[in-house]
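Chemist: Structure of the sequence below:
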Amino acid sequence: MQKKFLIFRPYIDPMTMRPHKRPDRGFFFKFYNGFNVPLMRYTLEDNGFREVTERDHEWSIQWACSNIKSTVYQAMTRNQKVNHFPKSTEMTRKDCMYRHLARLRESHGERHFKFLPDTFILPSEMI
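Modeler: Residues are numbered from 1 along each chain as shown. Okay, the predicted model is just below:
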């Protein structure tokens, strides 16, 4: 059985031009909470994706500019993809990541965390 992969070609036209309609490949995308990211829209449309707006329609890719609710993750099927992982802000925001690393440093010893520079979360850790 041959595996099926999506191969995207980058959108290279100017952002002022909307791409020409490509043949429908049977894939759909949607933006979470109505956010509109022109670069993502044009790249997906240029690769044969169609936008859906109905809530119950089958989509292949969902693009979000903020955190996604857990109900969305729970309702996803195997072939649906999103651009955010659950709780990813815990590692992508510097203050949250430092809080987790500081807690690990306290429980496992400072010698394992010599790479971590002195960091302060202001104003809660003001000296």
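Chemist: contacting residues for the spatially most central residue of the chain?
Modeler: By CA atoms, centre = their mean, the chain has its centre lying nearest to Asn83, at 2.3 Å. Taking CB atoms under 8 Å, 6 or more residues apart in numbering as the criterion, Asn83 is in contact with 61-64. No exception for glycine: its C-beta is placed from N, CA and C like everyone else's.
Chemist: Per-residue confidence, it, what does it come out as?
Modeler: With respect to pLDDT, Asn83 has a value of 88.
Chemist: need the contact list for His84.
Modeler: 64, 67-68.
Chemist: for Thr119, that is, sorry about that
Modeler: By CB under 8 Å, 6+ apart, the residues touching Thr119 are 98, 102.
Chemist: how about 6 Å then?
Modeler: Tyr98 (CB atoms under 6 Å, 6 or more residues apart in numbering).
Chemist: helices and strands of the chain: which one bottoms out on pLDDT?
Modeler: Least confident helix or strand of the chain, by mean pLDDT, DSSP states H and E, is helix 89-92 with a mean of 78.
Chemist: May I see the buried residues of whichever helix in the chain runs longest?
Modeler: When the chain is parsed with DSSP state H, its longest helix is helix 94-108. For helix 94-108, burial by neighbour count (16 or more other CB atoms under 10 Å) applies to 98, 105.
Chemist: so where's the chain uncertain?
Modeler: 1-5, 54-56, 127 (pLDDT under 70).
Chemist: Which strand runs longest in it?
Modeler: Counting residues, the longest strand found in the chain (DSSP state E) is strand 27-31.
Chemist: Just the ones of the contacts of Asn83 in strands?
Modeler: 61-63.
Chemist: are any of the residues you listed buried, and which?
Modeler: Buried among the ones in strands among the contacts of Asn83 by 16+ other CB under 10 Å: 61-63.
Chemist: what would the contacts of Asn83 look like in JSON lines with distance to Gly109?
Modeler: Conversion of those to JSON lines gives the following (distance: CB to CB, whole Å):
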{"residue": "Ile61", "distance to Gly109": "43"}
{"residue": "Gln62", "distance to Gly109": "42"}
{"residue": "Trp63", "distance to Gly109": "42"}
{"residue": "Ala64", "distance to Gly109": "38"}
